[in-house]
Every structure is written in C-alpha cells, then in structure tokens.
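Novice: this one's structure only:
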C-alpha cells in the first residue's frame, strides 16, 4: 500500500494519496494541501485516481476539488448531508451494504465502505467539527 500526504502551511490541512500499488488504483482524501506533490506522485507511480474522498465541506479540506476533478476526471465524494455545502459533490458515500453512510457522532460509531481494488476497506469515525463529518481511516 502507498500512502503519501501534503500539508498546506496556510491552514495545516492535509491531502492524502492512498494507492494499492505502483501502476494501480488510488484515491485522494481531502484536497486542501498543495497539489503539485500529489500530482508528481500520481505520475511517478503511474496511478489511476478513481475518487476524491472528502471528510467534510470546510474549505481547507475541499480547496482543490475542482482542479482534481477536471485534471483527473474523477468524482468528488462526500457525505450526502453536506451535499449543498460542497457545491461540487458528485457522489455520496455509501456503506458496503448499499445504504448511505450515517452522520457519525463518536469514534464508537464506525461503518465499513466499499473501496477501490487493492484497498482493504475504509472506516468512518465521528468528528464533531461540522454538520456531518467523519474521518476516513485506511486499514491495510
């Protein structure tokens, strides 16, 4: 598994690139960090980015959504309860059983999601800082 990140010095927000293997599939988690290092890793590792996953709608987590969607042709995914707040949300996140994820309110409220080939699964944990937040945790 490949995990890389960039951090914006303006608001200390991260962008994560998570991939199964070189030449494989990847997802980007949040887009507030600088794009250049992530784009360089995508090219160097010959990755196909399938989705941008957003933990919530705050600007420091979605700043470069439109750029990644345009450049990579991948959908922007997030919590449906914040669809209107995102503005550019293409897809709501669903659990592996096909139902929409619920708004998590604590770390004991977790749900598994389907993920791209090669990634085991994503868990959703509550985060109290916005309307319907969660943190995406990649497990190997």
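Specialist: The structure has been received and is ready for your questions. Source: prediction; values computed, not measured. Residues are numbered from 1 along each chain as shown.
Novice: Number of residues surrounding residue 77?
Specialist: 22 (other C-beta atoms under 10 Å). Where C-beta positions appear, they are placed from N, C-alpha and C, glycine not excepted.
Novice: Next: residue 65.
Specialist: 23.
Novice: Settle this for me: it is touching residue 77, isn't it.
Specialist: No: the pair residue 65 / residue 77 is not scored as a contact, 10.0 Å apart, by C-beta atoms under 8 Å.
Novice: residues in contact with the closest residue to residue 2 other than its chain neighbours?
Specialist: Once flanking residues are discounted, residue 2 sits nearest to residue 19: 4.1 Å by C-beta to C-beta, 6 or more residues apart in numbering. Taking C-beta atoms under 8 Å, 6 or more residues apart in numbering, we find residue 19 in contact with 1-3, 25-27, 45, 47, 118.
Novice: how about low-confidence regions in the chain?
Specialist: 93-140 (pLDDT under 70).
Novice: joint contacts of residue 65 and residue 77?
Specialist: With C-beta under 8 Å, 6+ apart, residue 65 and residue 77 have common neighbours 52, 54.
Novice: If anything else comes up later, I'll come back, but that's it for now.
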